[in-house]
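Novice: below is the sequence, then the predicted model.
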Amino acid sequence: MTSAAFLCLFALAILGYVWNRQAATAIRAGGARLHSLEGFHGFYALLTVLVPVLLVMLLWLVLQGQVVDSLLRSGIAGHLEGRSAGEVQLILAEIKSISRGMVFGTPEPWKIDAAERYLALTARAQTLLLVVVVVLSLVLVVLGRSKVSAEFRARHGVERIVSGLMIACSVVAIVVTLGIVASLLFETLRFFERVPVTEFLFGTNWEPQIPLREDQVAAEGAFGWIPVMLGTLVITVIALVVAVPVGLMTAIYLNEFAPRKFRAVAKPFLEILAGVPTVVYGFFAILVVAPAMRAFAASLGVDVSPNIALAAGSVMGIMLIPFISSFADDALSAVPQSLRDGALGLGATRAEMMLDVLFPAAIPGIVGGVLLAVSRAIGETMIVVMAAGLIAKMTINPLDSVTTVTVQIVTLLIGDTSFDNPKTLAAFALGMMLFVLTLMINVLALRIVRKYREAYD
């Protein structure tokens, strides 16, 4: 029924578009001069119908479940007396499962009746939604049609609606960002109520666990984040050491020195790497790269860990090459041709022109690509889980196993642990520290970009 409501909405919106466009065309055919083109009259009707009705539908769908659950509870209030909130939720889930035909065992008769009532309430709500959508859409179609005239400023109306939509999207983005930061901050403060800030920031032991005693966590320093952050930096540095030189040199060669036919073939193949799932890179790291590194180290008589940071970082660097190469290539292509011609005209070789003119002028775009690669490396999880391990160690040895912030966040939030103990809340503290670190990197990158942009614009 919800799909039918959406189909009716789109059908009536298209009807309004066609109707208004035809009416505007008829006015123009009659010799009158329209303020706006016929297409703007049609789009005004289309947006007049789509925007408010879609908002009503979204609001309806958000509130429908709560209203139906409230009515369902009122119908079985006698059977819910004296039960805890968890038991009530389990009973409602069982009733909904029965309504979907998923019956386990022999449910009580009142639950079967409640399931039938739930189906009836849901069907009524969906039918009422369809009626509201059709009626409201028809009213708006007629209202939009009544606006058509030679003097009507349809273009201005369309621009106002589109501008309002863009402002609304911007506000939603800002509110979502503030909500994410607020949720991280709130849970992080709850964590610091249980674990001292100094213990988290300066502790060198990361063993997140639910304490057996009230004083166990702080006394043993089990939530020191330095080993986790150190592992993140080790993996990121290895990845950038691999990705930045290869990516930049690839971009320089493809942009300035490669034949056109070779570039047309090589660039798409290079960018295919960006679409490979990270789990595939993880398999490649654990099945090919790590065994090869262990075998090579064994031939040299060097002991290495079964899971090594070098393997994970190297494969992550391969994954980041297309990001850096693509951004650098676009930045080099955006440099004005006059700079190239001027350098060559003054007697510079192509290599000198690239290194002394094009590359410095393209630094803002190149920094953006490197920044994206850093963010991707810091946020990568699957490759590290499969190839680098889960144990946090105070080491910068690339031949040892390490872990990263994102891996620990995933590990801490797996399972049915409640959000009222340090083990689970530690994930939010790690997320907040990662957010602060990424913000600092962004600020530094913006300052670099602005400095060089002022010099070369």
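Specialist: Okay, I see it.

Novice: check contacts around A334.
Specialist: With contact set as CB atoms under 8 Å, 6 or more residues apart in numbering, A334 has these partners: A362, G365. (Each C-beta comes from the backbone N, C-alpha and C, glycine too.)

Novice: that's a strand at G301, yeah?
Specialist: No - per DSSP: H, G, I helix; E, B strand; the rest coil, G301 lies outside any strand segment and is coil.

Novice: what's it sitting at in phi/psi?
Specialist: When read as degrees, to the nearest 10, the backbone of G301 gives phi 80, psi 20.

Novice: any idea how far it is from E352?
Specialist: 46 Å (CB to CB, to the nearest Å).

Novice: which of the two has more neighbours?
Specialist: Ranked by neighbour count (other CB atoms under 10 Å), G301 and E352 place E352 first, with 13 against 6.

Novice: the more buried one: which element?
Specialist: helix 350-353 (DSSP states H and E).

Novice: so after that helix, what's the next helix or strand?
Specialist: helix 359-361.

Novice: tell me the mean pLDDT for that following helix?
Specialist: For helix 359-361, mean pLDDT rounds to 81.

Novice: which stretches in the stretch 151-300 of the chain count as helices?
Specialist: 154-194, 197-202, 216-220, 226-252, 260-272, 278-284, 290-299 (DSSP state H, counting those that start in this stretch).

Novice: need those in CSV (columns: mean pLDDT, distance to A392 and mean neighbour count).
Specialist: Output for those, formatted as CSV (pLDDT from 0 to 100; distance: least, CB to CB, whole Å; neighbours: other CB atoms under 10 Å):
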stretch, mean pLDDT, distance to A392, mean neighbour count
helix 154-194, 88, 17, 14
helix 197-202, 84, 13, 15
helix 216-220, 46, 14, 16
helix 226-252, 89, 4, 21
helix 260-272, 84, 34, 12
helix 278-284, 86, 19, 18
helix 290-299, 85, 19, 14
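
Novice: which of these sits closest to L140?
Specialist: Closest to L140 of those is helix 154-194 (CB to CB; 12.3 Å).

Novice: the helix holding E352 - contacts with which helices or strands?
Specialist: helix 337-345 (3 or more CB pairs under 8 Å, 6 or more residues apart in numbering; DSSP states H and E).

Novice: per the record, what domains does the protein have?
Specialist: 2-153, 219-456 (automatic domain parsing).

Novice: can you redo those domains as TSV with distance to F202?
Specialist: Output for the domains of the chain, formatted as TSV (distance: least, CB to CB, whole Å):
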stretch	distance to F202
domain 2-153	39
domain 219-456	7
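
Novice: most packed of those domains?
Specialist: domain 219-456 (a mean of 18; mean count of other CB atoms under 10 Å).

Novice: chain center to it: distance?
Specialist: 18 Å (CA atoms, centre = their mean, to the nearest Å).

Novice: the bottom helix or strand of the chain by mean pLDDT?
Specialist: Using mean pLDDT, DSSP states H and E, the weakest-scoring helix or strand in the chain turns out to be helix 216-220, at a mean of 46.

Novice: got the contact list for stretch 274-283?
Specialist: 315-316, 318-319, 322-323, 326, 380-383, 385-387.

Novice: can you map out the helices along the stretch 351-457 of the chain?
Specialist: Under DSSP H, counting those that start in this stretch, the stretch 351-457 of the chain gives helices at 359-361, 363-379, 382-387, 405-413, 422-456.

Novice: run through the neighbouring helices and strands of the third one.
Specialist: Identification of packing neighbours for helix 382-387 by 3+ CB pairs under 8 Å, 6+ apart yields helix 278-284, helix 309-334, helix 405-413.

Novice: L165 is nearest to which of those helices?
Specialist: Among those, helix 309-334 sits nearest to L165 (CB to CB), with 29.0 Å.
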